[in-house]
Structure formats: C-alpha cells, structure tokens
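Student: when you get a sec, could you give me coordinates for this:
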Amino acid sequence: MRTTSDPRKAVCPEASDLVTFTTIDVRWFGVRYRADGRTGGHAWQIIRRRDPWLAWTALLWPALLQSAVITLAVLFAK
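Tutor: Predicted coordinates:
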C-alpha cells in the first residue's frame, strides 16, 4: 500500500478506489468518532454523510444506556 500526497488517504494497488476508514467508539458517557484521520465535528460530518442511520444510532446508543441505568437506579432505590 502506498500513500498519496494526502497523508489521511492511502491507495491500494489492487483497487482503483481510495481506502478510507471510519471508527465509532461507543462508551457509557459518550461517543468518539474518527473518519479519514479526522476527529470530532469533522469526523461526525463525514460519517453522517456516508451513513446517516449508523451515525444517529451510535449517537443515541449511550443516551439509551444512561437512561436505562438511571431508571434501574430509581426503581431499586425505592
């Protein structure tokens, strides 16, 4: 694999397309996005453009987990 002039992209000699990567790290208190070497808001825009359903699901998943934990804590505190 050789790199192009843009360090965030690499070219695979067997394929004609540029190789891209995207990672979504879902944790209890938030989500970390990386896309094509960018993080934060830039990565969010790239991911949202490529696959909007995946982006919104990854964003809402920690909120769902936190809501479940808070609900269980309130129910068991009684």
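Student: and the residue nearest the centre of this protein?
Tutor: residue 24 (2.6 Å; Cα atoms, centre = their mean).
Student: could you find the closest non-adjacent residue to it?
Tutor: With sequence-adjacent residues excluded and distances taken as Cβ to Cβ, 6 or more residues apart in numbering, residue 24 is closest to residue 58, at 4.6 Å. Backbone N, C-alpha and C define where each C-beta goes, glycine included.
Student: repeat that for residue 23.
Tutor: residue 34 (4.6 Å).
Student: checking that neighbour next. Helix, strand or coil?
Tutor: strand (DSSP: H, G, I helix; E, B strand; the rest coil).
Student: determine the longest helix present in the chain.
Tutor: helix 52-77 (DSSP state H).
Student: tell me which residues of that one come out buried.
Tutor: 55, 58, 59 (16 or more other Cβ atoms under 10 Å).
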